[in-house]
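1. This is a predicted model, with the sequence first.
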There are 2 protein chains.
Amino acid sequence: MSTTEVKPVGRTILASTIAKTYISEVEDGVRKLGRSPKLVGFLANADPAAKMYAEWTGKTSESLGFTYELRVVDKDDLEESIIDANEDDSVDGIMVYFPVFGNRQDQYLQQVVSLEKDVEGLNHKYIQNMYHNIRFLDEEEQQKSILPCTPLALVKILEYLGVYNTLLDYGNRMYGKQVVIVNRSEIVGRPLAALLANDGATVYSVDLDGIQRFTRGAGLHLKRHKVEDVDLTLEDVAKNADVIVTGVPSPNYKFPKELVKDGAVCVNFSSEKNFNPDVKEKASLYVPMTGKVTIAMLLRNLLRLIDNKVANKSK
Amino acid sequence: MSTTEVKPVGRTILASTIAKTYISEVEDGVRKLGRSPKLVGFLANADPAAKMYAEWTGKTSESLGFTYELRVVDKDDLEESIIDANEDDSVDGIMVYFPVFGNRQDQYLQQVVSLEKDVEGLNHKYIQNMYHNIRFLDEEEQQKSILPCTPLALVKILEYLGVYNTLLDYGNRMYGKQVVIVNRSEIVGRPLAALLANDGATVYSVDLDGIQRFTRGAGLHLKRHKVEDVDLTLEDVAKNADVIVTGVPSPNYKFPKELVKDGAVCVNFSSEKNFNPDVKEKASLYVPMTGKVTIAMLLRNLLRLIDNKVANKSK
């Protein structure tokens, strides 16, 4: 062992640790509800990662008092099966393990899940509300709009890690923070950039097409973030980043350690490890996986959907 | 000139000829309405094909008594601009010239256009209704569901060409017909396959991933087509095809003439010519472009949206 070896200084924080608070919040919710909410998951592909995620959701759901039913269907029957579940009053929440077709048809199928049962928060209405910082579905503000569960999980992780400053007012708690997100997918990267920008951060969203900057917009009639293309490199934006979030679905991609600022917070939500463990030589906190927090958010969303149903009926 | 040269026997039918009936139907509609309906088109890219299509829509709309306004906006302002138009009572219909971002964000933007103003018929509700053969938005059957305009144009073209047999009952007029569609996009190929299958055809939908067969389903509670993956080659399905529809957005793609059955009907909706003109040595009827019929359908949809608004108000 060389004497000049730099020892990692950062800490690894596991998703299971972060999930604990939400897990007990969810358990409390089920207890108060007095019945076991039913979540139906649809698996229509042979992808082992999807299957594992499905089993994992099932295990967590049942351990927390939910009823979980995995329905394995042929992809050509999936739409009809979702509609059956939409119409079945005994089903409280629905999720689909994508990819199914791996193309735009998957987005079509996602929208087939009814607004009232969409635990993943991927219905167009939820996403559009999120981009516009609209927090309720109704004017009376009784029914909460659901947030997409992976971006929501990442926000909760940043709260846990202390990146959100709780001394600041709600909606301002990321003020002054610089964030780099390597992923601009419609279901995680772009919504996350918008959420963090809405909370005051300057977010650089990186994908193969280039880099965009998301900031809190000053729109007159729309509460929404502002997006600009910027002519900057990853090196430019990473060197000042307080937070680096990665979500590149490739085993070969590694975020370059030398671009990580000393003390930065690094979070990876890809199922592949986008950081080498030695990132802790630079990062102060490192979250290698986030799935367990995502599942907690999924179940939290399910309880909110049940609250919304109650609020809607009492109108 | 060789004496053995085969002279083309098929006829070319131009979209402008086919569009005529619908053009006068639309003109009549505007006359009866007694005012000039307003269509707003959003152009947020520098694509010359999109710009040309925008100008072309404008010219046709105005010549038929519509008011057309092209709004050229920055892509990052497009969402806010669409919402402005959604809320503006003077705007009857909205269309967006895609691609804008060229990725899934375009589908998000498409869904921002309000259901009541979506002349292209691309709102999820319209598409889902189409797949399920649901023709009205309301239970009283006063408000017609809008069909996506390019697939609708292709149906109208097949009607014009006599492929639809008017001696058969409505909903059965493609019975026994075999169709090959080379394109399975979410906005044209897949909806078209469903529409033709719902009318009784056997449709082979071809894309890079393989071939699927669409037939009229015998679902119990859903009126919808059935889809199966089939282990057949293009040659297998083309040799019996009464109709071949192409929509490959590449200048290099040419449908192989030798696979066209004698007397087949060939229709190309791509902006690139997917057939060589010598396809007429085999095809009986050949439609090289379809854009003019699509624009007629767009304006027809706009009039329907106005009818729906009236029906909705009189409730």
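-> Thanks, I have the structure now.
2. A:Ile157: which element?
-> Of the helices and strands defined by DSSP states H and E, A:Ile157 is found in helix A:149-160.
3. average pLDDT for that helix?
-> Average pLDDT, helix A:149-160: 95.
4. Remind me what that helix packs against, helices and strands.
-> helix A:15-33, helix A:189-198, strand A:265-268, helix A:291-313 (3 or more CB pairs under 8 Å, 6 or more residues apart in numbering or on different chains; DSSP states H and E). In short, each C-beta sits where N, CA and C put it, glycine included.
5. what residues does the stretch 51-200 of chain A put near chain B?
-> Listed as neighbours of chain B in the stretch 51-200 of chain A under the rule CB under 8 Å from any CB of the partner chain: A:76, A:79-80, A:83, A:103-105, A:107-108, A:111-112, A:124, A:127-128, A:131, A:185-186, A:190.
6. Drop anything exposed from those.
-> A:76, A:79-80, A:83, A:104-105, A:107-108, A:111-112, A:124, A:127-128, A:131, A:185-186, A:190 (16 or more other CB atoms under 10 Å in any protein chain shown).
7. out of these, which are inside helices?
-> Mapping these onto helices (DSSP state H) picks out A:79-80, A:83, A:104-105, A:107-108, A:111-112, A:124, A:127-128, A:131, A:190.
8. Could you export those as CSV, including pLDDT?
-> Converted to CSV, these look like this (pLDDT from 0 to 100):
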residue, pLDDT
A:Glu79, 94
A:Glu80, 92
A:Ile83, 96
A:Arg104, 85
A:Gln105, 89
A:Gln107, 91
A:Tyr108, 93
A:Gln111, 96
A:Val112, 97
A:His124, 96
A:Ile127, 94
A:Gln128, 93
A:Tyr131, 88
A:Arg190, 93
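9. Adjacent strands (with direction) for the lowest-mean-pLDDT helix or strand in chain A?
-> Taking mean pLDDT, DSSP states H and E as the measure, chain A has strand A:226-230 as its least confident helix or strand, at a mean of 88. Partners of strand A:226-230 in the sheet, by DSSP bridges, are strand A:210-215 (antiparallel).
10. how many other residues sit next to the closest residue to A:Gly29 other than its chain neighbours?
-> Excluding the flanking residues, the one nearest A:Gly29 by CB to CB, 6 or more residues apart in numbering or on different chains is A:Leu303, at 4.3 Å. Look at A:Leu303: counted by other CB atoms under 10 Å in any protein chain shown, it has 21 neighbours.
11. Could you pull up the contacting residues of A:Leu303?
-> A:26, A:29-30, A:33, A:37 (CB atoms under 8 Å, 6 or more residues apart in numbering or on different chains).
12. Closest to chain B out of the residues you listed?
-> A:Pro37 (25.7 Å; CB to the nearest CB).
13. thought the closest one was touching A:Arg304?
-> No - taking CB atoms under 8 Å as the definition, A:Pro37 is not a contact partner of A:Arg304, at 10.9 Å.
14. Who has more neighbours out of those two?
-> Under the criterion of other CB under 10 Å, the comparison of A:Pro37 against A:Arg304 puts A:Pro37 first, with 23 against 19.
15. Relative to A:Gly189, how far out is the closest residue to A:Leu285 other than its chain neighbours?
-> Nearest residue to A:Leu285 in three dimensions, chain neighbours excluded: A:Val265, at 4.8 Å (CB to CB, 6+ apart). Distance from A:Val265 to A:Gly189, counting by CB to CB, to the nearest Å: 17 Å.
16. can you pull the contacts of A:Thr57?
-> A:39, A:41, A:68, A:95, A:295, A:298.
17. Just put the residues you listed in CSV and tack on neighbour count and pLDDT.
-> Output for these, formatted as CSV (neighbours: other CB atoms under 10 Å in any protein chain shown; pLDDT from 0 to 100):
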residue, neighbour count, pLDDT
A:Leu39, 24, 98
A:Gly41, 23, 98
A:Tyr68, 22, 98
A:Met95, 23, 97
A:Ile295, 25, 95
A:Leu298, 24, 97
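18. ok, these vs chain B, which is closest?
-> Taking these together and measuring to chain B by CB to the nearest CB, the closest member is A:Met95, at 18.1 Å.
19. just to revisit the earlier point, which parts of the least confident helix or strand of chain A are buried?
-> A:Val227.
20. How about stretch A:72-82?
-> A:75-82.
21. Quick check: the two most widely separated of those residues?
-> A:Asp76 and A:Ile82 (12.5 Å; CB to CB).
22. count of residues packed around A:Asn198?
-> 22.
23. again with A:Leu232
-> 15.
24. Tell me the predicted confidence for it.
-> 94.
25. got it, and A:Lys7?
-> 65.
26. Kindly provide the distance from the residue lying closest to A:Arg11 once chain neighbours are set aside to chain B.
-> Spatial nearest neighbour of A:Arg11, excluding adjacent residues (CB to CB, 6+ apart): A:Leu285 at 5.7 Å. Distance, A:Leu285 to chain B, using CB to the nearest CB, to the nearest Å: 31 Å.
27. Give me the angle between the helix holding A:Ile157 and helix A:124-131.
-> 30 degrees (axes from the mean of the first three to the mean of the last three CA atoms, to 10 degrees).
28. Please export the C-alpha coordinates of the helix or strand that helix A:149-160 is followed by as CSV.
-> Scanning forward in sequence from helix A:149-160 by DSSP H and E, the next helix or strand is strand A:178-182. C-alpha atoms of strand A:178-182 as CSV (Å, rounded to 0.1, in the frame of the first residue of the first chain):
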residue,chain,number,x,y,z
GLN,A,178,-25.9,24.6,-8.1
VAL,A,179,-27.0,21.2,-9.3
VAL,A,180,-25.9,19.1,-12.3
ILE,A,181,-28.2,16.4,-13.5
VAL,A,182,-26.9,13.9,-16.0
